[in-house]
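In: sequence and computational prediction follow.
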Amino acid sequence: MAKQKKPAILQGSLDLLVLQSLKKGEMHGYSITRHLKSVSDDFLQIEEGSLYPALHRMERKGWIASSWGTSESNRRAKFYQLTSDGKKQLKVETKAWEKMSRAIDQVVNFQFDS
Amino acid sequence: MNFPLTIPKFNTRSIAAINNDIDDELEFHIQCRIDDLVADGLTLEEATEQANAAFGSTDVIRKQCQQINYGAKGSWLAL
């Protein structure tokens, strides 16, 4: 049987997914990947390490802030939370996603003249 | 002439401290994945292999994070 390919995150949508996940409250990186898998019924599976450059980049941009704390498994963990700039960016990303989604729908549902 | 509207944030932490934090963060993730896989019934060896495969190249990811934190456009104050 052919090996099932992992569904890829659409280019540019990782930021939206991370910002949206953090809307619920602060999380460490592993919780974010677990949340994305769980909420999407296992459909969204990112190459897990690729999350971290994205988190660091978003923190440099001021969209998220980090602090070190203790995880549920009693280990030192870095937690992230949305900043006020991050909340604004989430609105921007969400609108952009909705526009793209509508455009794709239009193409997919286009009826060619028979 | 356009003036910058914001002053760039300068990182006052040492490169060694930043590197330690990056390593700790990546290691934490992999350990959590190992724990979950062992809880699902894998042996420690199988879980470690799968966790590392799922994570991707730690060296590449570490370098990317370092670049973001103190790369070419990073702080000249990073010691």
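Out: Arrived safely, thanks for sending.
In: name the residues that touch the helix or strand hosting B:Cys32?
Out: Take DSSP states H and E as the rule and B:Cys32 turns out to sit in helix B:15-39. The set of residues external to helix B:15-39 that reach it, using C-beta atoms under 8 Å, 6 or more residues apart in numbering or on different chains, is A:28-30, A:33, A:48-49, A:52, A:68, A:71, A:73, A:75-78, B:11, B:44, B:46-48, B:50-52, B:54-55, B:58, B:61-62, B:65-66, B:69-70, B:78-79. C-beta coordinates here come from the backbone N, C-alpha and C atoms, glycine included.
In: mark which of those are buried, thanks.
Out: Among those, those scoring as buried are A:28-30, A:33, A:48-49, A:52, A:71, A:77-78, B:11, B:47-48, B:51, B:54-55, B:58, B:61-62, B:65-66, B:69-70, B:78 (criterion: 16 or more other C-beta atoms under 10 Å in any protein chain shown).
In: follow-up on the earlier one: now, which of the contacts of helix B:15-39 lie within strands?
Out: A:28, A:68, A:76-78 (DSSP state E).
In: just these that are near chain B?
Out: A:28, A:68, A:76-78 (C-beta under 8 Å from any C-beta of the partner chain).
In: pick out the residue closest to the middle of chain A.
Out: A:Leu17 (2.0 Å; C-alpha atoms, centre = their mean).
In: may I have the phi/psi pair for the closest residue in space to that residue that isn't next to it in sequence?
Out: Spatial nearest neighbour of A:Leu17, excluding adjacent residues (C-beta to C-beta, 6 or more residues apart in numbering or on different chains): A:Leu36 at 5.9 Å. Per-residue torsions, A:Leu36: phi -60, psi -40 (degrees, to the nearest 10).
In: picking that back up, what comes up buried for the helix holding B:Cys32?
Out: Buried, per 16+ other C-beta under 10 Å, within helix B:15-39: B:18, B:21-22, B:25-26, B:28-34, B:37.
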